[in-house]
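[1] Mind folding the following:
(one chain, ligands or ions: 1)
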Amino acid sequence: MEVVILPHAEAIGALAARLVAAELRRAERPVLGLATGSSPLVIYAALRRLVEAGDLALAGVPGFALDEYVGLPAGHPESYAEVLRREVVEPLCMDPALVRAPDGAAADLEVACEAYEQAIAEAGGITVQILGIGENGHIGFNEPTSSLASRTRIKTLTAATRAANARFFPDGDAVPTHCLTQGLGTILDAGALVLVAQGERKAEAVRQAVEGPLSSRWPASALQLHRRATVIVDEAAAGRLELADYYRETFAAKPDWQRV
Ligand code: GLP
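    Below you'll find the predicted structure:
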């Protein structure tokens, strides 16, 4: 795992976007794994600059969301399909027909989960997966004690996650209690993982993910199993990392050929 500590969110977005773009450019069948939440917004902003400069074209690149709420009607503004359409698909000039989220409104959710796994496989797998992290260490909506081998499935959201996401439902709508999420096993199948985190509230989750034991108690620790995982954080989110100085030295001393 590579851990990079940067001074501010814009630098995080710029580096993460360069990494994502490099992965997509060298892939035979580029496929982008998308995350919602506020943390990756800086990545999308930086990717947009690359697209607008003509350095990256995403129009033909399929996209797969990590997760979706269960029970929101299609087109609900806070469904992740809609959030991604507004915040990612349109600004990055992606083709909406090529961007999918698990179908949380399906009559048969198990069939929807299987169909989602199959669609990812048919696209040739996810080239690079963008990730945020929850305060309790969840990635996607893989809440604590999610199986490290899990695939796309239904999960119950923790009270803490529902409280954290209540800010997106200001009209008094209840935050859904369930979601469909790519499993940790699904996420680990991506060719590369880029996780970003900002702020002191994420510091414990980042510490557990990077330096804690591999444990479903902190689902993001599953990244330790991936050969090509990069974790990019600001100083506040890095605040509890025991080996922070080592990560800084490693990044500063990186050979030119390894830089993107
Ligand atoms: C939600 C999403 C996750 C995201 C997390 C943190 O639970 N399902 O993918 O990582 O929120 O969000 P934020 O980046 O807004 O803190």
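[2] Skipping adjacent residues, who's closest to residue 215 in space?
    Closest residue in space to residue 215, ignoring its immediate chain neighbours: residue 221 at 5.6 Å, by C-beta to C-beta, 6 or more residues apart in numbering. C-beta here means a position set from N, CA and C on the backbone, and glycine is covered the same way.
[3] and if you look at residue 18?
    Nearest to residue 18 is residue 260, by C-beta to C-beta, 6+ apart, at 4.6 Å.
[4] quick one on the thing from earlier: show the pLDDT at the residue nearest to residue 215.
    Listed pLDDT for residue 221 reads 98.
[5] ok, back up a step: what is the neighbour count of the residue nearest to residue 18?
    Close neighbours of residue 260, defined as other C-beta atoms under 10 Å, add up to 12.
[6] residues touching it, list them.
    15, 18-19, 22 (C-beta atoms under 8 Å, 6 or more residues apart in numbering).
[7] Please spell out the ChimeraX selection for the buried subset of those.
    Of the contacts of residue 260, the buried ones go into a single ChimeraX selection, burial set by 16 or more other C-beta atoms under 10 Å:
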select :15,18,19
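[8] And the contacts of the top helix by length along the chain?
    Looking across the chain with DSSP state H, the single longest helix is helix 9-26. Applying C-beta under 8 Å, 6+ apart, the contact partners of helix 9-26 are 4, 6, 30, 32, 40-47, 49-50, 55-56, 58, 61, 127-128, 130, 191-192, 194, 196, 198, 230, 232-234, 260.
[9] now swap in stretch 224-231 and tell me
    Contacts for stretch 224-231 (C-beta under 8 Å, 6+ apart): 1-4, 16, 19, 148, 188, 191-197, 206, 209-210, 214, 223.
[10] distance of the closest residue to residue 61 other than its chain neighbours from the ligand?
    Leaving aside its chain neighbours, residue 61 sits nearest to residue 30 (5.0 Å; criterion: C-beta to C-beta, 6+ apart). Separation of residue 30 from the ligand (C-beta to the nearest ligand atom, to the nearest Å): 21 Å.
[11] Number of residues surrounding residue 30?
    22.
[12] Angles on the backbone of the residue nearest the centre of the chain, please.
    Computing the C-alpha centroid of the chain and ranking residues by C-alpha atoms, centre = their mean puts residue 131 first, at 2.0 Å. Dihedral pair for residue 131: phi -140, psi 140, per degrees, to the nearest 10.
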